[in-house]
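**Student:** Kindly generate the corresponding structure for this input.
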Amino acid sequence: MAQREKKVILQMKNIVKYYDTLAANDNINLTLHQGEILAVIGENGAGKTTLMKILYGLEHPTSGEILLNGQPVHLKNAAQAISCGIGMVQQHFMLFDPFTVAENVVYGREPKKGLFFDVKAANDRIAELSRQYELPLNPTDKIQGMPVGLRQRVEILKVLYQNADIIIFDEPTAVLTPQEVHELLKTMKQLSVAGKSIIIITHKLNEVMEVADRAMVMRMGKHIADVNIEDTSVEELSFMMVGRQLIDKNIESLAAGEDVLRVENLTLAGNGLLPVIDHLSLHVAKGEIVGIAGVSGNGQSELVRCLFGLQKADSGTITVCGKNIFNRSVRNVRDAGVAMIPEDRYIWGSAREATIAETAVMGHYRSPQLSRNGVLYTKKIRGFAQELVDEFGVKTDNIQYKTGSLSGGNAQKLIAAREIRQNTPLLIACEPTRGVDIGAMEFIHDRIVEKRSAGDAVLLISSELTEIMKLSDRIYVMYDGRINGEFTRETVTEEQLGFLMMGGKKQ
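**Tutor:** Model (predicted):
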């Protein structure tokens, strides 16, 4: 059936959403057809997430209306959205590790046998859904220890169990391996063939081209364009998103200098039988970007915390520029010449209630340019913060606003700016472009490469294989707390990395 003949299942008409004087959504119109996959794309702060929160009942529009099957609805909360057949697969999974697949899926809507939870009915129903939508899962498996790709299937089954006709995916491939991404895109296509209507929020335009029927482009709260995927290209979509042409730059090869970071036989015991970090050794030299690829949960986070003084390891050695920093404090590690972009911008990188200016100097306020004898130079701090905001294009009207007022991508740009501008011999960059748009990604990548070209060392930890392969001179693969392979940029493919990330052995 041609798309123009498909039934219109959803219309969002003239949606306006103000936060104080900021128009997050400025007269937005969205149409979704039955069985269609619609990609909603745009830069950070474009208003995509706000629009989807309105659709899912988490935010209320200042004005405008929502029509489901031609009838107006007023969605006051997520429960009401679910009852109207709208489901959302969250970027951060909401699962209980000790529970089984079936227990997680039916939680809150458990089948009953008399007064009691009917376990058999739950298992049977989930097995049936799993077969119907070709999402292979064992209903009785525990979530604990389950790979990320399978956890996401559980989240999708939760939405299907709730009888959702419209499914919103929020950055669904952020932490998946190439193989898992392929499976997810295949699942989306199967769901659309089964009559489900899908909205996908993503920054990954190659995936948009592969899976979507249509793309809706947003910029600065406005609806820029609707385009059929068969009539467009990645280059055209990126131009519409950022309003300028993006240039794909080749990174020149440099001869690496002496080691800046050396880690030898680092070990960290876990709660189970196996260590979280298992006799791990690596090195990063001057003028070198070294990437660590791995599925989330294989020891990367713990490795970074041990390197930066946030967690004490059990044994091994860590040196930076010849100085021992093993199990030293964060302050000692910073003083040794280490800056870090943390993997979670809110837990480790900022405080939502702090001002943007305060976040801009966190961890670095002892600099002689910013303070003396414990007294902060407020004017200089604000000047420095304004420099970072201007240089890195952080979208804000006032550096005295709270950090929590920034979109996630703009908060990420602020933290990346703060750490890169410290001009330290070593930068640890953990998920440096997580949740940022392609324009900001290009800018952050350029700054990281400039740092490496100036002779500094960069340790890059990222779940984005395209980022690892584009930037890294050398690549380590981590699996189960160990190094499971080492490559140069020229000697590896994305498929090889994905294979090793899942525990395969290097041939």
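**Student:** Show me where the stretch 251-400 of the chain has its helices.
**Tutor:** For the stretch 251-400 of the chain, applying DSSP state H, counting those that start in this stretch gives helices covering 300-307, 330-335, 356-360, 378-392.
**Student:** Please identify the most buried of those.
**Tutor:** Comparing these by mean neighbour count (mean count of other Cβ atoms under 10 Å), helix 356-360 ranks first with a mean of 24. Glycine gets a C-beta too; all of them are placed from N, C-alpha and C.
**Student:** Ok, which of the helices of the stretch 251-400 of the chain comes nearest residue 119?
**Tutor:** Closest to residue 119 of the helices of the stretch 251-400 of the chain is helix 300-307 (Cβ to Cβ; 34.4 Å).
**Student:** Check which helices and strands the closest one sits against.
**Tutor:** Under the contact criterion of 3 or more Cβ pairs under 8 Å, 6 or more residues apart in numbering; DSSP states H and E, helix 300-307 touches strand 259-268, strand 277-285, strand 426-430, strand 457-461.
**Student:** any idea how far residue 257 is from residue 287?
**Tutor:** Residue 287 sits 5 Å away from residue 257, going by Cβ to Cβ, to the nearest Å.
**Student:** How about residue 380?
**Tutor:** 34 Å.
**Student:** Over to residue 389?
**Tutor:** Taking Cβ to Cβ, one finds residue 389 at 33 Å from residue 257.
**Student:** want to throw the helices of the stretch 251-400 of the chain into JSON lines with mean pLDDT and distance to residue 223?
**Tutor:** Below are the helices of the stretch 251-400 of the chain laid out as JSON lines (pLDDT from 0 to 100; distance: least, Cβ to Cβ, whole Å):
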{"stretch": "helix 300-307", "mean pLDDT": "94", "distance to residue 223": "38"}
{"stretch": "helix 330-335", "mean pLDDT": "94", "distance to residue 223": "45"}
{"stretch": "helix 356-360", "mean pLDDT": "94", "distance to residue 223": "28"}
{"stretch": "helix 378-392", "mean pLDDT": "92", "distance to residue 223": "27"}
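**Student:** So for residue 185, which of those sits nearest?
**Tutor:** When the helices of the stretch 251-400 of the chain are compared (using Cβ to Cβ), the closest one is helix 300-307, at 24.8 Å.
**Student:** Run through who's touching the closest one.
**Tutor:** Residues outside helix 300-307 that contact it (Cβ atoms under 8 Å, 6 or more residues apart in numbering) are 261, 263, 266, 268, 276-277, 280, 292, 294, 310-313, 318, 325, 333, 338, 340, 342-343, 428, 430, 459, 461, 478, 481.
**Student:** quick check: angle from that helix to strand 457-461?
**Tutor:** Here helix 300-307 points in a direction 150 degrees away from that of strand 457-461 (axes from the mean of the first three to the mean of the last three Cα atoms, to 10 degrees).
**Student:** How far does helix 300-307 sit from its chain's centre?
**Tutor:** Distance of helix 300-307 from its chain centroid, counting by Cα atoms, centre = their mean, to the nearest Å, is 18 Å.
**Student:** and the angle from it to strand 277-285?
**Tutor:** Put simply, helix 300-307 runs at 70 degrees to strand 277-285, going by the same axes, to 10 degrees.
**Student:** that older thread, give me the buried subset of the contacts of helix 300-307.
**Tutor:** By neighbour count, with 16 or more other Cβ atoms under 10 Å, the contacts of helix 300-307 hold 261, 263, 266, 268, 276-277, 280, 292, 294, 310-311, 313, 318, 325, 333, 338, 340, 342-343, 428, 430, 459, 461, 478, 481 as buried.
**Student:** which ones are touching the closest residue to residue 326 other than its chain neighbours?
**Tutor:** Counting by Cβ to Cβ, 6 or more residues apart in numbering, residue 318 is the residue found nearest to residue 326 once chain neighbours are left out, at 4.6 Å. By Cβ under 8 Å, 6+ apart, the contact set of residue 318 is 261-263, 266, 306-307, 324-326.
**Student:** Residue 154 now?
**Tutor:** Contact partners of residue 154, counting by Cβ under 8 Å, 6+ apart, are 93, 95, 101, 104-105, 137, 143, 146.
**Student:** what helix or strand does it sit in?
**Tutor:** Using DSSP states H and E, residue 154 sits in helix 148-161.
**Student:** Which strands or helices does the very next helix or strand once past that helix pack on?
**Tutor:** Following helix 148-161 in sequence order, the next helix or strand is strand 166-170 (DSSP H and E). When contacts are defined as 3+ Cβ pairs under 8 Å, 6+ apart, strand 166-170 sits against helix 48-55, strand 86-89, strand 197-201.
**Student:** Next one, pLDDT for residue 94 please.
**Tutor:** Residue 94 carries a pLDDT value of 83.
**Student:** and what of residue 34?
**Tutor:** Per-residue pLDDT puts residue 34 at 95.
**Student:** so how many other residues sit close to residue 463?
**Tutor:** Around residue 463 there are 22 other residues, counting by other Cβ atoms under 10 Å.
**Student:** so who does the residue nearest to residue 482 when sequence neighbours are not counted touch?
**Tutor:** Once flanking residues are discounted, residue 482 sits nearest to residue 278: 4.8 Å by Cβ to Cβ, 6+ apart. The contact partners of residue 278, by Cβ under 8 Å, 6+ apart, come to 267, 299, 480-482.
**Student:** Ok, residue 51 next?
**Tutor:** Residues in contact with residue 51, defined by Cβ under 8 Å, 6+ apart, are 12, 15, 17, 25, 28, 30, 40, 218.
**Student:** Quick check on the fourth one: phi, psi?
**Tutor:** By that I understand residue 25. Main-chain dihedrals, residue 25, degrees, to the nearest 10: phi -130, psi 120.
**Student:** Please look at it and residue 61 and confirm they touch.
**Tutor:** Yes: using Cβ atoms under 8 Å, residue 25 is in contact with residue 61, at 7.2 Å.
**Student:** Check the contact lists of the two and give me the overlap.
**Tutor:** Shared contacts of residue 25 and residue 61 (Cβ under 8 Å, 6+ apart): 15-17, 54.
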